[in-house]
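In: using only what follows, build the 3D model:
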Amino acid sequence: MTPFGKKIRQLRKARNINQKQMAADLSISPAYLSALEHGHRGKPSWAMVQKVIHYFELIWDEAEEIENLARLSHPRIIVDTSGLSPETTVFVNELAQKIQSLPLKKIKELSEILARKDNK
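Out: Below is the predicted model:
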């Protein structure tokens with residue numbers, strides 16, 4: 001599941017809306033909505049994100065949150081390390097190989113490191 005998919009599911013369930021109804025209201029297939037929620041589709045388009053924002057009548061911070069979650073919700077990432085150090089290439093490859101076995105605590109620690117503004 002992607003962060004965007006998780007948020008859509010939370011909003012939908014909080015409003016007691018099933019996937020079939022939401023899909024019909026957005027003029028998309030229930031299969032596509034399910035795939036978005038479960039992370040089986042790529043990052044949603046800007047238009048799709050806007051449809052979701054308008055559908056749930058989100059404003060300000062909530063709308064911005066949905067946009068940010070969509071931006072960070074591509075389930076298959078390609079990292080181009082050409083031109084970077086060999087150490088960077090090794091790190092990215094090791095991360096790709098081991099990401100599924102990393103405990104959530106370690107993922108959060110790495111996320112905190114990346115979120116620091118003083119990373120240089």
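In: now do the same contact list for the nearest residue to residue 2 once chain neighbours are set aside.
Out: Of all residues not flanking residue 2 in the chain, residue 73 sits nearest, at 3.7 Å (Cβ to Cβ, 6 or more residues apart in numbering). For glycine as for every other residue, the C-beta is placed from the backbone atoms N, C-alpha and C. Counting by Cβ atoms under 8 Å, 6 or more residues apart in numbering, residue 73 touches 2-5, 39, 43-44.
In: if you set the cut-off to 6 Å instead, what comes out?
Out: Contact analysis of residue 73 by Cβ atoms under 6 Å, 6 or more residues apart in numbering lists 2-4, 43.
In: and it, which helix or strand is it part of?
Out: Element membership of residue 73, judged by DSSP states H and E, is empty: it is in no helix or strand.
In: one step back: which pair of the contacts of residue 73 spans the longest distance?
Out: Pairwise distances across these (Cβ to Cβ) peak at 10.7 Å, for the pair 3 and 43.
In: now the residue nearest the centre of the chain: phi and psi?
Out: Note on the chain: the residue nearest the mean C-alpha position is residue 73, at 2.0 Å, using Cα atoms, centre = their mean. When read as degrees, to the nearest 10, the backbone of residue 73 gives phi -110, psi 30.
In: likewise the one 5 residues further on?
Out: Per-residue torsions, residue 78: phi -110, psi 130 (degrees, to the nearest 10).
In: go on, the one 3 residues further on?
Out: Backbone dihedrals for residue 81, given as degrees, to the nearest 10, come out at phi -100, psi 10.
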